[in-house]
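S.K.: Sequence and predicted structure, then a few things I'm wondering about:
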Amino acid sequence: MTSVNAVLLDPSTSNSLRQRLQADLTRDPLDALNDAECLLELSQLRVKEVLSAHTCSPREEG
């Protein structure tokens, strides 16, 4: 498992993730975890919605 410090120091880490991790270090860990889990669920839902909107239905061959 990757440590928070390793992710913060990794140059490939996005600014958004870096800022979120830094902010979460100052919060109650359970509150941060609950928010992260909620964000994960919402992000997964968004991906499904975007993919379904851009997925072509199979063409009927005739």
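M.R.: Received the coordinates, thanks. Computed from a predicted structure; not experimentally measured.

S.K.: okay, CA-based contacts and neighbour counts for the rest of this
M.R.: Noted.

S.K.: In what element of secondary structure is Ala32 found?
M.R.: Element membership for Ala32, per DSSP states H and E: helix 29-54.

S.K.: Quick one: mean pLDDT for that helix?
M.R.: Helix 29-54 carries an average pLDDT of 96.

S.K.: right, and the helix or strand after the one helix or strand Asn5 maps to?
M.R.: Secondary structure assignment for Asn5, by DSSP H and E: helix 4-9. Later in the chain than helix 4-9, the nearest helix or strand by DSSP H and E is helix 15-24.

S.K.: hang on, the earlier thing: what are the buried residues along the helix holding Ala32?
M.R.: Buried positions in helix 29-54, judged by neighbour count with 16 or more other CA atoms under 10 Å: Ala32.

S.K.: what does the helix holding Asn5 rub up against?
M.R.: Thr13, Arg18, Leu21 (CA atoms under 8 Å, 6 or more residues apart in numbering).

S.K.: one more time with 10 Å
M.R.: Helix 4-9 is contacted from outside by Asp10, Thr13, Ser14, Asn15, Leu17, Arg18, Gln19, Leu21, Gln22, Leu25, using CA atoms under 10 Å, 6 or more residues apart in numbering.

S.K.: Name the nearest of these relative to Glu41.
M.R.: Leu17 (16.3 Å; CA to CA).

S.K.: how far off helix 15-24 does the helix holding Ala32 point, in degrees?
M.R.: Orientation of helix 29-54 against helix 15-24 (axes from the mean of the first three to the mean of the last three CA atoms, to 10 degrees) gives an angle of 160 degrees.
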